[in-house]
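>>> how does the following fold in three dimensions:
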Amino acid sequence: MRAPVGGLFRHVADLSRALAAEGHAVGLVVDSIANDSQTEARLTALLPHAQLGIHRFPMPRVLGAGDFSAPLAVRKLARQLDIDVLHGHGAKGGFYARLARLGGGKAVALYTPHGGVLHYPPSSPTGRIFHFLERALMRQTGAIIFESAYARKTYAAVIGEPTCKSAIIHNGLMPDEFIPVPPDADAADFVFVGELRSLKGIFTLVEALDGAIRPDGTPATLMLAGDGTERDVLVAAIAAHGLTDRITMPGAQPARAMFARGRCAVVPSLAESLPYVVLEAAAANLPVISTQVGGIGEIFGPTASSLVPPNNAVALRAAMQRFLDDPAVARTEMQMRLAHVSAEFSVARMAGSIEALYYGLLP
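As a prediction, the model looks like this:
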């Protein structure tokens, strides 16, 4: 993988720990260019589970000299360590794992896009290059793992149908993440946790809150946890709607800690793949209101009909008002969703399915 951040790193960290616990020797290859104290802390925490070490090679974010040297370094490392499986995560990780297969070697190469290459428009120069490489490297790919059916459908539409083996294996949560998080006594009606940027639907959320009323006639409140480049614009929008006294903004905070600060989680994203925050909120026993984008419907399972269209403040406000008017119905729906997430989205299930795929590709 290139950078140990976000959902991609969460997935890799969970998979590494689970495979190491099963007795497999695991190593990681990461970028040596962009790293900070937070990056180093995350990688240090993984060291006990990385028997084969953590190795750093230059991996430019878009295109650069490292794109020529890093695959050769990965191939050399794979031979030195007698690697059986090379698993690339994200666009760059996927390229390097498969480029390292050129010239032979016993290791099989797998690839999990995590959105990665699909984020580049096909019409852009970078998109054209990346999508060409995707198709060219298919022969070096033992299998592509998609974290959602949505990701597989998007890949087929943008890149083409995989000619190698493919599998949909959902991300998973740890057992302790299914421990309920009861709301604090002074919890807000709603809680949002995420980046403060328009793609996350924050402006739609603010507009939707304006007009949401509790049964006793008082206005609904929101805990808006996060940070980002559009924070100042958001603060201005909140003031313009006259909602400054109804919205609390504590900055970037751990999601699980914030779940206690609201009685219902709201994820109003305009685009997503398979967001961990929806999984985490459902596992914490919170009612969740979200949009019908990406793979969120796969998380909602039997409750997917309650998802609302993205960028639609009227529909989002109606869903929020339904929660305020009848929280018991929302709790019943939450229990149905929890049962689905518990059965389908565990780290044990995820890692076990990936491990079985590895074995199926080995000679």
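>>> residues contacting the closest residue to residue 209 other than its chain neighbours?
Of all residues beyond its chain neighbours, the one nearest residue 209 is residue 222 (5.4 Å), with distances taken as CB to CB, 6 or more residues apart in numbering. The way it works is simple: take the backbone N, C-alpha and C, and place the C-beta from them, glycine included. By CB atoms under 8 Å, 6 or more residues apart in numbering, the residues touching residue 222 are 188-192, 205, 209, 243, 246-248, 262, 266.
>>> ok, 6 Å please
Contact analysis of residue 222 by CB atoms under 6 Å, 6 or more residues apart in numbering lists 188, 190, 209, 247.
>>> and residue 146, by the same measure?
152, 168.
>>> which of the residues in the helix ranked longest in the chain are buried?
With DSSP state H applied, the helix covering the greatest number of residues in the chain is identified as helix 327-344. When neighbours are counted by 16 or more other CB atoms under 10 Å, the buried residues of helix 327-344 are found to be 327, 330, 333-334, 337-338, 340-341.
>>> likewise stretch 247-256?
Result for stretch 247-256 [16+ other CB under 10 Å]: buried residues 247, 249, 255-256.
>>> now, these that are in strands?
In this view, the buried residues of stretch 247-256 that belong to strands under DSSP state E are 247, 249.
>>> I'd like the buried residues of stretch 247-256 laid out as CSV, including pLDDT and distance to residue 297.
CSV is the format used below for the buried residues of stretch 247-256 (pLDDT from 0 to 100; distance: CB to CB, whole Å):
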residue, pLDDT, distance to residue 297
247, 98, 28
249, 97, 29
255, 94, 21
256, 95, 24
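>>> with distance to residue 180 added, can I get the buried residues of stretch 247-256 in a markdown table?
Formatted as a markdown table, the entries for these read as follows, by distance: CB to CB, whole Å:
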| residue | distance to residue 180 |
| --- | --- |
| 247 | 26 |
| 249 | 26 |
| 255 | 15 |
| 256 | 11 |
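>>> which residues of this structure fall in helices?
6-21, 37-46, 66-80, 90-99, 125-136, 149-158, 202-209, 231-240, 255-259, 276-283, 296-300, 313-325, 327-344, 347-361.
>>> need those in JSON lines (columns: distance to residue 143).
Formatted as JSON lines, the entries for the helices of the chain read as follows, by distance: least, CB to CB, whole Å:
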{"stretch": "helix 6-21", "distance to residue 143": "15"}
{"stretch": "helix 37-46", "distance to residue 143": "24"}
{"stretch": "helix 66-80", "distance to residue 143": "17"}
{"stretch": "helix 90-99", "distance to residue 143": "11"}
{"stretch": "helix 125-136", "distance to residue 143": "14"}
{"stretch": "helix 149-158", "distance to residue 143": "12"}
{"stretch": "helix 202-209", "distance to residue 143": "37"}
{"stretch": "helix 231-240", "distance to residue 143": "41"}
{"stretch": "helix 255-259", "distance to residue 143": "31"}
{"stretch": "helix 276-283", "distance to residue 143": "23"}
{"stretch": "helix 296-300", "distance to residue 143": "20"}
{"stretch": "helix 313-325", "distance to residue 143": "38"}
{"stretch": "helix 327-344", "distance to residue 143": "20"}
{"stretch": "helix 347-361", "distance to residue 143": "6"}
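>>> quick one, which of those helices is nearest to residue 60?
helix 66-80 (4.9 Å; CB to CB).
>>> contacts for that closest one next, please.
29, 57-60, 96, 99-100, 107.
>>> next: stretch 235-246.
By CB under 6 Å, 6+ apart, the list of residues contacting stretch 235-246 from outside reads 203, 206, 210, 219, 221, 247.
>>> which one of the residues you listed is nearest residue 286?
residue 221 (15.6 Å).
>>> state the distance from that closest one to residue 141.
As judged by CB to CB, to the nearest Å, residue 221 and residue 141 stand 49 Å apart.
>>> now do residue 27
In this structure, residue 27 and residue 141 are separated by 20 Å, where distance is defined by CB to CB.
>>> so which of those two has more stuff around it?
Per other CB atoms under 10 Å, whichever of residue 27 and residue 141 has more neighbours is residue 141, with 22 against 15.
>>> ok, that one - contacts?
By CB under 6 Å, 6+ apart, the neighbours of residue 141 are 98, 109, 111, 164.
>>> can you pick the most crowded of those residues?
In terms of neighbour count, residue 111 stands highest of the contacts of residue 141 at 31 neighbours, by other CB under 10 Å.
>>> quick check: beta-bridge partners of that residue?
According to DSSP bridges, residue 88, residue 144 are recorded as the beta-bridge partners of residue 111.
>>> ok, it touching residue 93?
No. Counting by CB atoms under 6 Å, residue 111 sits too far from residue 93 to count as a contact (7.8 Å).
>>> rewinding a little: and the angle from the longest helix of the chain to helix 313-325?
Regarding helix 327-344 and helix 313-325, their directions subtend 100 degrees when assessed with axes from the mean of the first three to the mean of the last three CA atoms, to 10 degrees.
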